[in-house]
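Visitor: Provided below for reference: sequence and predicted model.
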Amino acid sequence: MSYIFVKNILDIIFSLCLSFIIAPILIFSMILIKFETKGPVFFTQDRVGKDGVIFKIFKLRTMKHNNQQMKAQVFLNNLDVTRVGFYLRRFKIDELPQIFNVLLGQMSLIGPRPCLPSLLETFDETAKFRLKLKPGLTGWSQVNGNIYNSWSIRWKLDKYYVENLSFFLDLRIFIATLSVIILGEEK
């Protein structure tokens, strides 16, 4: 039995359990978003999944309404990020609705983060490795510099993950992710 098969089963089990745990956090966050700004509480965006398949990723809206379809990465100090959005992004709460992407089989809990389709044009052979697995809520690149890394470094980290996929690497990433959520991302 391959680890990928086991990983898919673990994704479903843990996602179902996490759904109940995160429900109060999501509901509270949705209320805060609604009180602060007009517009929807959720936002979807096209992302690239396994084998290059495009899917809609779910997120909590963290920016002023009508600014969500940006084609570039948005950092915490962006002026369009709302006050509530700042905290949702800082503690990665805006990413929690992606549990539903995991339950739909589009994502995994751990794997390379799904990129925007426009980034496919810049992929080299190293970057293509990330398409061999389902994208994840968190991954090796996210716990090793994340937004402070260039794309080429992220792709090398993603390739390392794909080539060294194991339960223990996933466990290591999960524990490191908790640290990033609590302490923040380091340069």
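Guide: Yes, it's here.

Visitor: Helix, strand or coil: sort out the spatially most central residue of the chain for me.
Guide: By C-alpha atoms, centre = their mean, the mean C-alpha position of the chain lies nearest to residue 137, the distance being 3.7 Å. Secondary structure, DSSP: H, G, I helix; E, B strand; the rest coil: residue 137 is strand.

Visitor: Quick one: residues contacting it.
Guide: 95, 98-99, 102, 107-110 (C-beta atoms under 8 Å, 6 or more residues apart in numbering). All C-beta atoms are positioned from the backbone trio N, CA, C, and that covers glycine.

Visitor: possible to save the residues you listed as JSON lines with neighbour count and secondary structure?
Guide: Output for these, formatted as JSON lines (neighbours: other C-beta atoms under 10 Å; DSSP: H, G, I helix; E, B strand; the rest coil):
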{"residue": "95", "neighbour count": "20", "secondary structure": "helix"}
{"residue": "98", "neighbour count": "24", "secondary structure": "helix"}
{"residue": "99", "neighbour count": "24", "secondary structure": "helix"}
{"residue": "102", "neighbour count": "24", "secondary structure": "helix"}
{"residue": "107", "neighbour count": "27", "secondary structure": "coil"}
{"residue": "108", "neighbour count": "25", "secondary structure": "strand"}
{"residue": "109", "neighbour count": "23", "secondary structure": "strand"}
{"residue": "110", "neighbour count": "28", "secondary structure": "strand"}
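
Visitor: ok, the nearest residue to residue 155 once chain neighbours are set aside to residue 52 distance?
Guide: If the residues on either side of it in the chain are set aside, residue 155 comes closest to residue 127, at 4.1 Å by C-beta to C-beta, 6 or more residues apart in numbering. Taking C-beta to C-beta, to the nearest Å as the measure, residue 127 falls 11 Å from residue 52.
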